[in-house]
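Visitor: Provided below for reference: sequence and predicted model.
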Amino acid sequence: SIREDAAGFPSKYWSKEINLLPERNLSGNWQGTAVTMTPDLKVSEPIATQLHWPLAGNKMFFFPDGISLSCPEQVNIGTSFNIAANWLITPSDLQQLRVKYDESGALYSLTLEEFYLSDAGGNP
């Protein structure tokens, strides 16, 4: 596998193996912003959002290095579906990419979400 380094994030923590982990705890009050792009390349203004994880009906895969994937176990013709991948950058910072496909399998939208773990009082 080939891994890319994101500027500002330490790559020295990448593992050398791709072994699935049993689960990752993403509970808590995750607050953030979302920007959505549609197939005609229109990009929305950022909006406030909360983390919705796991995606209903999807199978979850947990990889080393804070990476999680949520996708359908099977995709059926005539049924829309969602895929999400996220990266727990630090214990309180998470990035997520959600992709929605319509009933024909065509791209419906792509959403980039950036979250921070907020305490009960609403402070980051």
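Guide: Happy to help now that I have it. Treat the numbers as computed from the prediction; the structure is a model and nothing was measured. Numbers count the residues shown, from 1 in each chain.

Visitor: Return the per-residue confidence for E103.
Guide: In the prediction, the pLDDT value recorded for E103 is 95.

Visitor: My error: substitute S118 in the last question.
Guide: According to the prediction, S118 has pLDDT 88.

Visitor: which ones are touching it?
Guide: S118 sits next to G28, N29, W30, Q31, P124 when contact means Cβ atoms under 8 Å, 6 or more residues apart in numbering. For glycine as for every other residue, the C-beta is placed from the backbone atoms N, C-alpha and C.

Visitor: For beta bridges, what are the partners of it?
Guide: Beta-bridge partners recorded for S118 (DSSP bridges): N29.

Visitor: what does the lowest-mean-pLDDT helix or strand in the chain contact?
Guide: Counting by mean pLDDT, DSSP states H and E, the weakest-scoring helix or strand in the chain turns out to be strand 59-62, with a mean of 91. Identification of contacts with strand 59-62 by Cβ under 8 Å, 6+ apart yields L20, L21, P22, E23, R24, P54, S68, L69, S70, C71, P72, E73.

Visitor: Apply 10 Å and report the result again.
Guide: For strand 59-62, the external contacting residues (Cβ atoms under 10 Å, 6 or more residues apart in numbering) are 19-24, 26, 53-54, 67-74, 84-85, 88.

Visitor: Go through those and flag which are in helices.
Guide: Within these, membership in helices is found for no residue, as judged by DSSP state H.

Visitor: which of the residues you listed are buried?
Guide: Neighbour-count burial within those applies to R24, L26, W53, I67, S68, S70, C71, A84, A85, L88; the criterion is 16 or more other Cβ atoms under 10 Å.

Visitor: export those residues to JSON lines and tack on pLDDT and distance to Y101?
Guide: Putting these into JSON lines (pLDDT from 0 to 100; distance: Cβ to Cβ, whole Å) gives the following:
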{"residue": "R24", "pLDDT": "83", "distance to Y101": "25"}
{"residue": "L26", "pLDDT": "86", "distance to Y101": "23"}
{"residue": "W53", "pLDDT": "82", "distance to Y101": "19"}
{"residue": "I67", "pLDDT": "92", "distance to Y101": "21"}
{"residue": "S68", "pLDDT": "93", "distance to Y101": "19"}
{"residue": "S70", "pLDDT": "94", "distance to Y101": "14"}
{"residue": "C71", "pLDDT": "94", "distance to Y101": "11"}
{"residue": "A84", "pLDDT": "96", "distance to Y101": "12"}
{"residue": "A85", "pLDDT": "96", "distance to Y101": "14"}
{"residue": "L88", "pLDDT": "93", "distance to Y101": "25"}
